[in-house]
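A.B. asks: sequence plus the predicted model coming up.
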Amino acid sequence: MEEKKKILIVEDEKNIAQVLAFNITQAGYSYDLAFDGEEGLNKAMTGEFDLILLDLMLPKMDGFEVCRRIRAKMSTPIIIVTAREEEIDKILGLDLGADDYVTKPFSMKVLLARIKSNIRRAAGELVINEGETENPNVIVVRDLVVDSDKYRVTNDGQPILLTKKEYELLVHLAKNAGKIYSREALLEEVWGYEDFYGDLRTVDVTVSRLRDKLEKDPARPEYLMTKRGMGYYLK
């Protein structure tokens with residue numbers, strides 16, 4: 001019998017935590033609870049979890065700091081939960097390494113869909129296609145080299161440090177260089193969201209961060225291009 005995927009819920013409002021726990025259990029997952037940032041960080045660092053659901057406004061240590069410390073040590077998927085709409089741009093703009101976010105109040109159907117897609121992706125169900133080089137796991141686009149064996153990206157020989165999501169987006173565009181993808185298509189194919197459960201701003205901000213790291217002059221990109229009214233593509 002396949003072992004259940006385990007989720008860590010870091011949420012200081014116990015009624016919300018219990019509702020999340022109930023629905024997560026009904027969806028076939030197991031869980032553990034933490035009610036403040038320090039407890040959440042300590043439990044996360046055990047490495048026992050397949051996904052972490054992380055509230056931002058936590059006692060003892062806020063979710064931003066918890067996320068940073070987790071991501072410095074491990075790649076476990078993190079979905080951030082926030083109650084304030086104005087925090088979204090901050091979440092997206094900061095290089096926290098979180099994989100996703102939801103805002104309170106949220107649809108449980110949407111949350112479970114995001115949990116499912118993030119766990120699947122982390123388990124390796126996002127397949128990196130073969131490239132055009134002697135090594136099928138290396139994709140080369142001019143001076144840009146994406147080596148999925150080493151999880152390494154270089155541009156003109158210089159290493160580029162990317163978050164997991166930036167890397168996955170780059171791989172998807174690189175293996176389909178020249179093909180234009182709408183934001184909706186990228187949400188579905190890279191983020192794994194069906195029925196567009198994601199926020200389109202997530203794509204825009206991830207593209208912007210990737211462009212900042214990839215391009216010599218992000219205002220005049222040479223690789224990661226925008227086709228106005230249509231979407232994004234790798235030239």
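C.D. replies: Perfect, I can see it now.
A.B. asks: now the nearest residue to N176 once chain neighbours are set aside, which residues is it bridged with?
C.D. replies: Closest residue to N176 apart from its sequence neighbours, by CB to CB, 6 or more residues apart in numbering: L234 at 7.6 Å. Glycine gets a C-beta too; all of them are placed from N, C-alpha and C. Bridge pairing for L234 (DSSP bridges) gives the partners L224.
A.B. asks: against K104, how distant is L234?
C.D. replies: According to CB to CB, to the nearest Å, L234 stands 36 Å off from K104.
A.B. asks: more crowded one of the two?
C.D. replies: Using other CB atoms under 10 Å, the more surrounded residue of L234 and K104 is L234, with 23 against 14.
A.B. asks: wait, the more buried one touches Y223, no?
C.D. replies: Yes - applying CB atoms under 8 Å as the test, L234 and Y223 come out as touching, 5.8 Å apart.
A.B. asks: what residues are shared contacts of these two?
C.D. replies: V141 (CB atoms under 8 Å, 6 or more residues apart in numbering).
A.B. asks: helices or strands next to the helix ranked longest in the chain in the packing?
C.D. replies: Counting residues, the longest helix found in the chain (DSSP state H) is helix 200-214. Here helix 200-214 is seen to pack against helix 88-93, helix 164-174, helix 183-189, strand 224-227 when contacts are counted using 3 or more CB pairs under 8 Å, 6 or more residues apart in numbering; DSSP states H and E.
A.B. asks: neighbours of A27, how many?
C.D. replies: 15.
A.B. asks: what score does it have for pLDDT?
C.D. replies: pLDDT, A27: 92.
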